[in-house]
Every structure is written in structure tokens, then in C-alpha cells.
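Q: Just need the structure, nothing else, for what follows:
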Amino acid sequence: ILPCWIKLNEKFKDKQIIKIDPGAAFGTGSHPSTYLCLEKMENILFSDKKVLDIGSGSGILSIAARLLGAKEVCAIDNDYLAINSTKNNFNLNFGNLNDLYTYLGTFNEVISKNKLKQFDFVLCNILAEVIKEMIPNIYKCLRNNGEVIFSGILNSQKDEIIKILIQNDLKLLDVSTRKDWACISAQKNSNP
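A: Numbering: from 1, shown residues only. Here you go, the predicted structure:
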């Protein structure tokens, strides 16, 4: 992850690079929750997948999904500056906004108003208190066997989030931690 004004050192030319203009929106890649999410994403095949990024901030997770092969990325944020930042950073990395769809508003409003569903992956790096309220609707917008990656969860909150996931027919796949933060991945059961 590089600020947009820094040139890549030749020794890293074989790495996937995300350029970010670190402005007003959250997501420079240095926070443990973002790091955990990106680390989890590196091991997933996104080729030809439809991805939803909830709380897109700078767009870092949307950009990573597209770099990893996602065919369509939908980004939601309730902050106008974040949506602008997502678009600007996406354009900085790809030179266009092809296959990026942005939505301004709260997750629950945007999902119901735009009837967004059948996502292969949902990425959600926001606060646990907000995540708890979203889980039932995240289940509804995932396709069968679709997966969700939650980050932004303190270790002290992860058991409560896992309990809510299970209550909503989402099967726990993995939990990883870094410093005081947890990243949880789960899958929509095809036969709840």
C-alpha cells in the first residue's frame, strides 16, 4: 500500500500495489483491522465474483478485491467524503471506475432501496456495534455459500459477534487476531 506520490521500489515490482491518496476517509492499510482484512483477502479467489464493501472509506478493500479479480464491486458508505475517496482511489489504481458501483447511505437503507443481493463476498471493516445490527441483512444479500469478512472488532467483542452470526445461520469459518483486533469470516449456509 503506497501513498499516490511515492514511486515503487524496483525490488517490490512483483507485488500487488494499492495506491491510496490518504485523505479524509479511513483506510490507509496501517490499522490492524484493515491489515487483518487484507491478509484474509489474499487467500481468497475473487475471480469473477461479485463483492460488497460496507463502509468503504478510502476504498482500500474495494481496490484489493478488484486487484484480486472481482468482476463487480459495490461500495457503500454513509459519508459523502468516503464515497468520493473510494471513487478517486479506485480511479487512481485502475484509471477508470469500470465495475465499481458506489452507494451513499446507511447499509440497511441502501440494501433495501437498491435491492442489492446475491453477493459472493461481503467485506465489512467497521465497528462491532454497527456490525451487530447489520448481520441479518448481510445474510439476506449473500448468495448461498457466500462469505463475509468482518473486521474492526475488538477481541473482547468477538464472542458476541460469533454468537449473532450463528443465530443468523452464518457458519463460522475463521477468526484471526492482531494486537487487540479480530477478523471473523463466515459463510451463508445453503440449507439453514
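Q: would you list every one of the strands in the protein?
A: 2-3, 19-20, 50-54, 72-77, 100-104, 119-125, 142-154, 170-178, 181-188 (DSSP state E).
Q: could I get those as CSV with distance to Ile44?
A: Every C-beta, even on glycine, is put in place using the N, C-alpha and C of the backbone. Formatted as CSV, those follow (distance: least, CB to CB, whole Å):
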stretch, distance to Ile44
strand 2-3, 22
strand 19-20, 21
strand 50-54, 10
strand 72-77, 14
strand 100-104, 19
strand 119-125, 7
strand 142-154, 8
strand 170-178, 11
strand 181-188, 9
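Q: Check these for me and report the most buried one.
A: Comparing the strands of the chain on average neighbours per residue, with mean count of other CB atoms under 10 Å, the densest one is strand 50-54 at a mean of 27.
Q: Now do it: which elements does it pack against?
A: The contact analysis (3 or more CB pairs under 8 Å, 6 or more residues apart in numbering; DSSP states H and E) places strand 50-54 against helix 60-67, strand 72-77, strand 119-125, helix 128-141.
Q: try 10 Å this time
A: If you count contacts as 3 or more CB pairs under 10 Å, 6 or more residues apart in numbering; DSSP states H and E, strand 50-54 packs onto helix 60-67, strand 72-77, strand 100-104, helix 107-114, strand 119-125, helix 128-141, strand 142-154.
Q: Redo those as TSV? Include mean pLDDT and distance to Lys171.
A: Listed next are the helices and strands packed on strand 50-54 as TSV, based on pLDDT from 0 to 100; distance: least, CB to CB, whole Å:
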stretch	mean pLDDT	distance to Lys171
helix 60-67	94	22
strand 72-77	97	23
strand 100-104	97	27
helix 107-114	91	21
strand 119-125	96	14
helix 128-141	93	11
strand 142-154	95	10
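Q: a markdown table please, covering those and showing distance to Ile184.
A: Converted to a markdown table, the helices and strands packed on strand 50-54 look like this (distance: least, CB to CB, whole Å):
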| stretch | distance to Ile184 |
| --- | --- |
| helix 60-67 | 15 |
| strand 72-77 | 19 |
| strand 100-104 | 24 |
| helix 107-114 | 17 |
| strand 119-125 | 10 |
| helix 128-141 | 9 |
| strand 142-154 | 5 |
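Q: among these, which is nearest Asn89?
A: helix 60-67 (6.2 Å; CB to CB).
Q: Any idea how far that closest one is from the middle of the chain?
A: On the basis of CA atoms, centre = their mean, to the nearest Å, helix 60-67 sits 8 Å off its chain's mean C-alpha point.
Q: quick one: it to strand 72-77, angle?
A: 180 degrees (axes from the mean of the first three to the mean of the last three CA atoms, to 10 degrees).
Q: Could you pull out the buried residues of helix 60-67?
A: For helix 60-67, a neighbour-count test (16 or more other CB atoms under 10 Å) marks 60-66 as buried.
Q: For burial, what's the neighbour tally of the closest residue to Ser156 other than its chain neighbours?
A: Residue nearest to Ser156 in three dimensions, not counting chain neighbours: Asp180, with 7.9 Å by CB to CB, 6 or more residues apart in numbering. By other CB atoms under 10 Å, the residues close to Asp180 number 11.
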